[in-house]
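Undergrad: give me a 3D structure for the following:
(chains A and B)
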Amino acid sequence: MPDVRVRFAPSPTGYLHVGGARTALFNWLFAKHHEGKFILRIEDTDVERSSAEMVHGILEGLSWLGLEWDEGPYFQSQRMQQYQSAARKLLQEQKAYACFCSQELLAAKREAAAKAKLAWKYDGTCRKLSEAEIREKEGQGQARAIRFKVPSEGKIHFEDQVFGTIEHDFQNIEDFVLLRSDGMPTYHLGVVLDDIDMRITHVIRGADHISNTPKQILLYRALGQPIPLFAHVPLILGPDKTRLSKRHGATSVTAYRDQGYLPEAFRNFLALLGWAPGDEREKMGTQELIQSFSLQGINKSNAVFNLEKLEWLNSQYLSSTPAAELFPYVKAEMEKAGLWDAEYEGSRKAWFLSLIDLLKTRARLLPDFVTNGRAFLSDEYEIEAHAPEKFLQEPSLRLLLPELASRLEGLPRFDLESCEFTLREFADEKQVKAGLLINAARVLLTGKAVAPGIFQVMHTLGQKRTVERLRKAF
RNA sequence: GGCGCUAUAGUGUAAUUGGUUAACACGCCGCCCUCUCAAGGCGGAGAGUACGGGUUCGAUCCCCGUUAGCGCUACCA
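TA: The predicted structure is shown next:
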């Protein structure tokens, strides 16, 4: 498939949401797979609702996901001439006509039809206007939109790469507006012209555009241009199977970044929503995703966003990513929590990396490094609510622990082996279970009932802190 | 209301051109490991493929209908 060119064309009327991100990802994967180009275009023809801030947010979201674009961003608002001249041409060729119906009138007609439970489509009032009538209205300076002339009879069908053959009757397609009375193009004119000019070969977009496609194909034909291939991807729904929205919590991709998801994990998760490689792989890296991606692997039914699986995937990435790669993320978290010290990327960097390795298999989200790592970085940590009653009940601990502390203090080398040997030997001597001491030590050393293996904790914490905390316990 | 699309365990996905005990993952339960938890390993419950008809020797897969969900039905995109 030579010269594949695809695009992601969000409108900046909102942030980059999960659905948009997934569409962008599929386009990006498709482009990479075919060594084609991924183009970014901002559809900002709705001046009322578009904003520069949203544009910024969208770019930020894409960058976070690592979806770099090869061309753009192009802005529709900067291509007004093209749209207007195309509309003029269509008008001259009688493929479109001027419509003087006011929006109020149209709205009233639509409402009346709805009330009478009748199907409504534009009734073609202005399609029947004579030359003279048009000139008269124009002379009066009446505002006019330009509508496309949809054939009154017949059918249109196209081969969707995901959904197969889609058929529509012209009877159900109204004479849609191409150019608004303020001279701005509508979505249909905009996309088609842009996709033509940008030589887009495959239009990969949300399934909510399926019903729009026939109109656009009609436009391609009227313009005498080749028609790209269409691939519509199923929508992503919330847990209640309604369209994903603010009601379902975070829907902007940057919100997931802020909650502590890794971009690789999020991207992997997104790829699996509505697509599968055809075999049973789930955790897939970028290259693997690119290699395996194909339009054939996209399925037709809507997908439900499963937060638990996202979290699981994130934990998988967290535990398998080398500490050095996790470092910048963890650093940012520690800074936010006020636990950062410049030494951690200087003289104590190796130690800090080992701490990351210690914590990462138990982390599900980035902030877990803070909650589980605090006791290693500071003496200001809380003792978890029910931890003492669970593991510090045994009265003999009061004597045992300080004595153990002294033994550990005397160790010439404070490593995993010597800590373990010392504690177990001590337990034998005192005829108590090692577990008793271990669990009690865990609460004292980390403030938690749940933490990594105790000897690793001791080793990472260091001799001084370990001894102090065991001693200071009671 | 009209038109379009979809329908496999709670969720995400598999199931060569119709022939499988309908598979895998998340989640849930249990066991192992073990100093707790996570990870890991092992096992279990959970769908007879929305429902009803056809076609066929045989349908998750093809056709029709019903139902449900979603989408479109704007001078939004």
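Undergrad: moving C-terminal from the helix or strand containing A:Val191, which element do we reach first?
TA: For A:Val191, the element it lies in under DSSP states H and E is helix A:187-197. Note on helix A:187-197: by DSSP H and E, the next helix or strand toward the C-terminus is strand A:202-206.
Undergrad: so what's the gap between that following strand and the chain middle?
TA: 17 Å (C-alpha atoms, centre = their mean, to the nearest Å).
Undergrad: beta partners of A:Phe8?
TA: A:Leu40 (DSSP bridges).
Undergrad: hmm, it is touching A:Thr23, no?
TA: Yes. With contacts counted by C-beta atoms under 8 Å, A:Phe8 reaches A:Thr23, the gap being 6.4 Å. (Glycine included, C-beta is placed from N, CA and C.)
Undergrad: ok so, going back, who touches the helix holding A:Val191?
TA: A:7, A:9, A:41, A:43, A:45, A:74, A:76, A:79, A:82-83, A:86-87, A:148, A:176, A:178-179, A:185, A:200, A:203, A:212, A:215-216, A:219-220, A:223, A:225, A:228 (C-beta atoms under 8 Å, 6 or more residues apart in numbering).
Undergrad: return a ChimeraX selection command for the buried portion of those residues.
TA: Typed into ChimeraX, the next command selects the buried ones out of these (criterion: 16 or more other C-beta atoms under 10 Å):
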select /A:7,9,41,43,45,74,76,79,82,83,86,87,148,176,178,179,185,200,203,212,215,216,219,220,223,228
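Undergrad: so which of the contacts of helix A:187-197 are in helices?
TA: Mapping those onto helices (DSSP state H) picks out A:Gln82, A:Tyr83, A:Ala86, A:Ala87, A:Lys215, A:Gln216, A:Leu219, A:Tyr220, A:Leu223.
Undergrad: just give me the neighbour total for A:Leu366.
TA: Applying other C-beta atoms under 10 Å, we find 21 residues neighbouring A:Leu366.
Undergrad: same thing with A:Leu399?
TA: There are 11 residues near A:Leu399, going by other C-beta under 10 Å.
Undergrad: now find how far off-centre the host helix or strand of it is within its chain.
TA: Assigned by DSSP H and E, A:Leu399 falls within helix A:397-409. With C-alpha atoms, centre = their mean as the basis, helix A:397-409 stands 51 Å off its chain's centre.
Undergrad: show me which residues of the stretch 251-400 of chain A sit near RNA strand B.
TA: Near RNA strand B, the residues belonging to the stretch 251-400 of chain A are A:272-276, A:278-280, A:282, A:297, A:299-304, A:306, A:308-309, A:312, A:315-316, A:319, A:361-362 when assessed by C-beta under 7 Å from any atom of the strand.
Undergrad: now, the residues you listed that are in helices?
TA: A:Glu308, A:Lys309, A:Trp312, A:Ser315, A:Gln316, A:Ser319.
Undergrad: top of the residues you listed by neighbour count?
TA: That'd be A:Ser315 among those, by other C-beta under 10 Å, with 19 neighbours.
Undergrad: quick one: contacts of the worst-scoring helix or strand of chain A on mean pLDDT?
TA: None of the helices or strands of chain A scores lower by mean pLDDT, DSSP states H and E than helix A:387-391, at a mean of 78. Contact partners of helix A:387-391, identified using C-beta under 8 Å, 6+ apart, comprise A:Asn439, A:Ala440, A:Arg442, A:Val443, A:Gly447, A:Lys448, A:Ala449.
Undergrad: restrict these to those near RNA strand B?
TA: A:Asn439, A:Arg442, A:Ala449.
Undergrad: host element of the first one?
TA: Right, A:Asn439. Short version, using DSSP H and E: A:Asn439 is in helix A:434-446.
Undergrad: quick one: list the elements packing against that helix.
TA: Here helix A:434-446 touches helix A:368-377, helix A:387-391, helix A:397-409, helix A:416-430, helix A:454-461, helix A:463-471, going by 3 or more C-beta pairs under 8 Å, 6 or more residues apart in numbering; DSSP states H and E.
Undergrad: report the mean per-residue pLDDT for it.
TA: In this model, helix A:434-446 has a mean pLDDT of 92.
Undergrad: stretch A:111-124 now?
TA: 87.
Undergrad: contacts for it?
TA: A:Cys99, A:Cys101, A:Leu106, A:Lys109, A:Arg110, A:Arg147, A:Asn172, A:Ile173, A:Glu174, A:Asp175, A:Phe176.
Undergrad: between the residues you listed, which is closest to RNA strand B?
TA: A:Asn172 (4.3 Å; C-beta to the nearest atom of the strand).
Undergrad: picking up where we left off before, now for A:Phe8 and A:Thr23: what residues contact both?
TA: By C-beta under 8 Å, 6+ apart, no residue touches both A:Phe8 and A:Thr23.
Undergrad: before we move on, the earlier item: now for the ones in helices among the contacts of helix A:187-197: which two are most distant?
TA: A:Gln82 and A:Lys215 (18.6 Å; C-beta to C-beta).
Undergrad: show me where pLDDT drops low in the stretch 351-474 of chain A?
TA: A:473-474 (pLDDT under 70).
Undergrad: likewise chain A?
TA: Ranges of chain A meeting pLDDT under 70: A:1-2, A:249-250, A:473-474.
Undergrad: apply 80 and report the result again.
TA: Residues of chain A that meet the criterion pLDDT under 80 lie in A:1-2, A:245-250, A:387-389, A:472-474.
Undergrad: part of a helix, is A:Ile146?
TA: No. Assessed with DSSP: H, G, I helix; E, B strand; the rest coil, A:Ile146 is strand; it does not lie in a helix.
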